[in-house]
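Asks: Whatever this is, show me its structure:
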Amino acid sequence: MAWDFEAELIEWRGPAPFVFAPLPPELFAQIKDAARGLMYWGQIPVIARIGDTEFDTAMWPKDGRFLLPIKVAVQRSERIDVGDVVTAVVRLPDERG
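Replies: Model prediction:
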């Protein structure tokens, strides 16, 4: 199963600044349930796509939603940055799509 969503990219400063696409809160329970057995430390490994760029990463929960980290290589290839609105698709790594 794949989940597509639209999000405004945000920056969250942890140990280093990162750019994230926050998933809609209404997807939280659905994705968490589908990812049983894949979660580690609350993170869920996913294959994500933004534009023409597909990448592996792990989403993690924050404030009742998941945050999808956007790698620098993806930001560069898709010419996106904090404040841009993107359409993204995420799927679990054991699914084809």
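
Asks: pull the helix or strand with minimum mean pLDDT from this structure.
Replies: Counting by mean pLDDT, DSSP states H and E, the chain has its least confident helix or strand at strand 10-13, which shows a mean of 85.

Asks: element containing the residue nearest the centre of the chain?
Replies: Among the residues of the chain, the one closest to the centroid is Leu68, at 2.3 Å (Cα atoms, centre = their mean). Here Leu68 sits within strand 65-69, counting by DSSP states H and E.

Asks: After that strand, which helix or strand is next? Please name it.
Replies: helix 72-78.

Asks: what's in contact with that following helix?
Replies: For helix 72-78, contacts defined as Cβ atoms under 8 Å, 6 or more residues apart in numbering pick out Val19, Ile50, Gly51, Asp52, Thr53, Phe55, Ile80, Asp81, Val86. To be clear about C-beta, it is placed using only N, CA and C from the backbone, and glycine gets the same treatment.

Asks: any idea how far Asp94 is from the third one?
Replies: The span separating Gly51 from Asp94 equals 24 Å under the rule Cβ to Cβ, to the nearest Å.
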